[in-house]
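Enquirer: Need the 3D shape of this:
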Amino acid sequence: MRLALFEPDIPQNTGTILRLAACFGIGVDIIEPCGFVFSDRRLKRAGMDYLDQVELTKHDSWAKFIANGDQNQRIVLLTTKADTSYTDFEFQPADILLLGRESAGVPDEVHAAVDARLKVPMSPEMRSLNIAVSAAMVLGEALRQTDGFPG
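Expert: Modelled structure (predicted):
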């Protein structure tokens, strides 16, 4: 199981997601460009001393991320534009959970390339959850289903 961040633009969210990944022994892919300098102090503050514990791979672009991918891994996009709830999805241990940019999600070409699109159900009058909260919710369910929690 891995998390992938598509062109993240808020360093505090990225730091929080990296900390989440470190705590659960999950690798993270960063698909650049980022909307901030990766050494940003806000990223380091949110990630604290956990950043050194994350298996982190950076990709220069979406095309390079796809080219470096494993055919046996599914890319599962978390998006508000999905019809399927993450609670109704059957996760596999090798899934990559892809999160889009906080400001714009992912472009149509990414939507078309993924293996599944999932949403976190919420009150209809609300737009979206914080990306790190969504990542934690869905990752927790995926790890529960696949018996992937450490220890």
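
Enquirer: Which helix or strand in this structure has the lowest average pLDDT?
Expert: helix 41-47 (a mean of 77; mean pLDDT, DSSP states H and E).

Enquirer: got a list of contacts for it?
Expert: Helix 41-47 is contacted from outside by 11-16, 18-19, 22, 36, 51, 54, using C-beta atoms under 8 Å, 6 or more residues apart in numbering. For the C-beta atoms, the positions are set from N, CA and C on the backbone; glycine is no exception.

Enquirer: Please repeat the previous calculation with a cut-off of 6 Å.
Expert: 11-12, 14-16, 18-19 (C-beta atoms under 6 Å, 6 or more residues apart in numbering).

Enquirer: Could you name the residue of this protein that is farthest from its center?
Expert: Residue farthest from the centre of the chain, counting by C-alpha atoms, centre = their mean, is Glu125 at 24.2 Å.

Enquirer: Point out where this protein drops to low pLDDT.
Expert: 40 (pLDDT under 70).

Enquirer: residue ranges for the strands of it, please.
Expert: With strands called from DSSP state E, the chain shows them at 2-6, 27-31, 56-59, 75-78, 84-85, 96-99, 116-119.

Enquirer: and the fourth one, what other elements does it pack with?
Expert: What it means is strand 75-78. strand 96-99, strand 116-119 (3 or more C-beta pairs under 6 Å, 6 or more residues apart in numbering; DSSP states H and E).

Enquirer: Give me the sheet partners of the last one and which way each runs.
Expert: In other words, strand 116-119. Strand 116-119 has its sheet partners listed here by DSSP bridges as strand 75-78 (parallel), strand 84-85 (parallel).
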